[in-house]
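Colleague: Predicted structure and sequence below. I'll ask about it afterward.
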Protein chains: 2
Amino acid sequence: MDITSETHSQHISKQFNHELEELKTHLMAMGGMVERQVQEAVSALLDGDSRLAERVRDNDKAVNDLQLKIDDECTRVLARRQPAASDLRLVLAVIRATSDLERIGDEASKIARNALALIEAGNGAKGFVEVRHISEHVRKMVRDALTAFARFDIDLALKVVHEDDAVDSEYTSAMRSLMTFMMEDPRSISSVLSVMWILRALERIGDHADNLAEYVIYLVKGLDIRHIDPDELDEDALKR
Amino acid sequence: MDITSETHSQHISKQFNHELEELKTHLMAMGGMVERQVQEAVSALLDGDSRLAERVRDNDKAVNDLQLKIDDECTRVLARRQPAASDLRLVLAVIRATSDLERIGDEASKIARNALALIEAGNGAKGFVEVRHISEHVRKMVRDALTAFARFDIDLALKVVHEDDAVDSEYTSAMRSLMTFMMEDPRSISSVLSVMWILRALERIGDHADNLAEYVIYLVKGLDIRHIDPDELDEDALKR
């Protein structure tokens, strides 16, 4: 059942192999696109660059189109090739992964819209340190999860799963300090709320990266670890 | 390609038919479970019932387990039966739908956790009218989307897709009045924030109901309408 001990090159049909490789390649392209969306949305906020924020917001359509295209390819592979075992898991993992990448794209677009509101209001800087820090953290998670997918790398996937707890506690602590800002200066409520939505979006991006990492484990080991507490995972067994 | 013009009973294997029916039945059971979770989370908040809120929070595990079970059944059907055309679409729609139902369950659990915080703090009533109203609206959307799925009912699915815009504008207006509350009474910030998170969760539930309705259209018509603006849908063509 282990994908690493099966060689995909043994497929009778070279064309089938090629199709599976294409799915992965397109998924990575979509991943690269949403990574860039997140990075640019945060840069737009930190640099007060409203044109960049608008570009991110308008680019979301391209992310959505790519999801439909890849999902359609997956459906065609399922219908024509009727894959089994690890090939089937690869196709299902790609379908699940496009859904998470699309939602990361949505969150990037929400960040861009809140950045625009903040730039227009001319307020800012409160909570920006936290935004920068958490955004770097979750972007690294997304990048690592995609690399783990591309390389079928269980160790890297497990690392991402564990990172998510760290992001959650950074998020909770950032939200607490923002609430204090609000209480101290009620005139800042509206702009601090925008920063809170941005932090929330970043925290959700971390959750999606965590999901992506879980699909890698499903893909390689045939084991569905969604809903298992990371601290209760038998990692040695997974790495065997 | 139209599922209504194909009779599933024509399958050579009665067992296969039975398996597809089972998938739908289990999806409906999961749908019923998350509907109840949402309803009870909101009741717990409105009635200040912390035991009910705790029960909802703890029940989330059962929802997660059901998702894994149904996804596993779907994978086995794909591997053993290698379905094509409308059967393949049914299995893929069920896989997508369990993911949205699981996320609705997550949102119900978030509502329950925020309700607990509000009950403990002994604050409340601000924004509760809006919570009640929007929760009734999104629960109806979830219920209708599931009914549309069970009956392959395009008309009902389209109705759900259009409802989502109404929920979004109710949400925006409720958030605006909560922000005013906060500004008028900064001591209420912490409790009003909890109500905002609850509204946000309800709005997300509306989005997931919208997704479920879109899968019904995909399932019946083979047409993927995710990412199409509801106002731009050619509904007459879909109903033909």
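Modeller: Received it, and whenever you're ready, just let me know what you need. The structure presented is a predicted model; accordingly, all values stated were derived computationally and were not measured. Numbers count the residues shown, from 1 in each chain, chains lettered A, B, ... in the order given.

Colleague: Flag every residue of chain A that's near chain B.
Modeller: Residues of chain A found near chain B (C-beta under 8 Å from any C-beta of the partner chain) are A:61, A:64-65, A:67-68, A:71-72, A:75, A:78-79, A:82, A:84-85, A:88-89, A:92, A:95-96, A:99, A:179, A:182-183, A:186-187, A:189-190, A:193, A:200, A:224, A:226-227. C-beta coordinates here come from the backbone N, C-alpha and C atoms, glycine included.

Colleague: Narrow these to those that are buried.
Modeller: Listed as buried from the residues of chain A next to chain B are A:64, A:67-68, A:71, A:75, A:78, A:82, A:88-89, A:92, A:95-96, A:99, A:182-183, A:186, A:189-190, A:193, A:200, A:224, A:226; burial here means 16 or more other C-beta atoms under 10 Å in any protein chain shown.

Colleague: if we can go back for a sec, just the residues of chain A next to chain B: which are in helices?
Modeller: Members of the residues of chain A next to chain B lying in helices (criterion: DSSP state H): A:61, A:64-65, A:67-68, A:71-72, A:75, A:78-79, A:85, A:88-89, A:92, A:95-96, A:99, A:179, A:182-183, A:189-190, A:193, A:200.

Colleague: In contact with the residue nearest the centre of chain A, which residues?
Modeller: Geometric centre of chain A, nearest residue: residue A:209, 3.9 Å, by C-alpha atoms, centre = their mean. Residues near residue A:209 by C-beta atoms under 8 Å, 6 or more residues apart in numbering or on different chains: A:100, A:104, A:138, A:141, A:142, A:144, A:145, A:160, A:163, A:164.

Colleague: can those go into JSON lines with extra columns for distance to residue B:120 and neighbour count?
Modeller: Shown next, in JSON lines, are those (distance: C-beta to C-beta, whole Å; neighbours: other C-beta atoms under 10 Å in any protein chain shown):
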{"residue": "A:100", "distance to residue B:120": "34", "neighbour count": "23"}
{"residue": "A:104", "distance to residue B:120": "34", "neighbour count": "28"}
{"residue": "A:138", "distance to residue B:120": "30", "neighbour count": "28"}
{"residue": "A:141", "distance to residue B:120": "32", "neighbour count": "25"}
{"residue": "A:142", "distance to residue B:120": "35", "neighbour count": "25"}
{"residue": "A:144", "distance to residue B:120": "38", "neighbour count": "19"}
{"residue": "A:145", "distance to residue B:120": "36", "neighbour count": "29"}
{"residue": "A:160", "distance to residue B:120": "34", "neighbour count": "26"}
{"residue": "A:163", "distance to residue B:120": "31", "neighbour count": "21"}
{"residue": "A:164", "distance to residue B:120": "27", "neighbour count": "20"}
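
Colleague: just curious, which of these is nearest to residue B:109?
Modeller: residue A:164 (16.7 Å; C-beta to C-beta).

Colleague: and the residue nearest to the closest one when sequence neighbours are not counted, which of the three is it?
Modeller: Of all residues not flanking residue A:164 in the chain, residue A:210 sits nearest, at 4.1 Å (C-beta to C-beta, 6 or more residues apart in numbering or on different chains). Using DSSP: H, G, I helix; E, B strand; the rest coil, the secondary structure recorded for residue A:210 is helix.

Colleague: Residue A:157 reaches residue A:218, doesn't it?
Modeller: No - in this structure, residue A:157 is not within contact of residue A:218 by C-beta atoms under 8 Å, at 9.7 Å.

Colleague: In terms of packing, which of those two has more residues around it?
Modeller: residue A:157 (28 against 21; other C-beta atoms under 10 Å in any protein chain shown).

Colleague: any idea which element the more buried one lies in?
Modeller: helix A:154-184 (DSSP states H and E).

Colleague: Next up, identify which helix or strand residue A:216 is on.
Modeller: With DSSP H and E as the test, residue A:216 turns up in helix A:189-221.

Colleague: Could you list every helix and strand in contact with the lowest-mean-pLDDT helix or strand in chain A?
Modeller: Least confident helix or strand of chain A, by mean pLDDT, DSSP states H and E, is helix A:235-239 with a mean of 74. Counting contacts by 3 or more C-beta pairs under 8 Å, 6 or more residues apart in numbering or on different chains; DSSP states H and E, helix A:235-239 packs against helix A:154-184.

Colleague: Can you give me the buried ones in the helix it packs on?
Modeller: A:154, A:156-158, A:160-161, A:163-164, A:167, A:170-171, A:174-175, A:178, A:182-183.

Colleague: Please apply the same query to stretch A:43-58.
Modeller: A:43, A:44, A:45, A:46, A:52, A:53, A:56, A:57.

Colleague: cool, stretch A:17-33 as well?
Modeller: Buried, per 16+ other C-beta under 10 Å, within stretch A:17-33: A:19, A:20, A:23, A:24, A:26, A:27, A:30, A:31, A:33.

Colleague: May I see the buried residues of stretch A:34-45?
Modeller: Buried residues in stretch A:34-45 (16+ other C-beta under 10 Å): A:34, A:35, A:37, A:38, A:39, A:40, A:41, A:42, A:43, A:44, A:45.

Colleague: can you tell me the helix or strand for the last one?
Modeller: Secondary structure from DSSP H and E places residue A:45 in helix A:14-47.

Colleague: Report the contact partners of the closest residue to residue A:131 other than its chain neighbours.
Modeller: Of all residues not flanking residue A:131 in the chain, residue A:198 sits nearest, at 5.8 Å (C-beta to C-beta, 6+ apart). Listed by C-beta under 8 Å, 6+ apart, the contact partners of residue A:198 are A:45, A:110, A:111, A:114, A:115, A:131.

Colleague: give me that answer again for 6 Å
Modeller: A:111, A:114, A:131 (C-beta atoms under 6 Å, 6 or more residues apart in numbering or on different chains).

Colleague: Tell me the one among these nearest to residue B:214.
Modeller: Once C-beta to C-beta is applied, the member of those that ends up nearest residue B:214 is residue A:111, at 24.4 Å.

Colleague: so the closest one touches residue A:200, yeah?
Modeller: No - using C-beta atoms under 6 Å, residue A:111 is not in contact with residue A:200; the gap is 9.7 Å.

Colleague: if we can go back for a sec, alpha carbons of the least confident helix or strand of chain A, as CSV, please.
Modeller: Below are the C-alpha coordinates for helix A:235-239, written out as CSV (Å, rounded to 0.1, in the frame of the first residue of the first chain):
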residue,chain,number,x,y,z
GLU,A,235,4.8,9.1,14.2
ASP,A,236,7.3,6.3,14.3
ALA,A,237,4.7,4.0,12.8
LEU,A,238,4.0,6.6,10.1
LYS,A,239,7.7,7.0,9.2
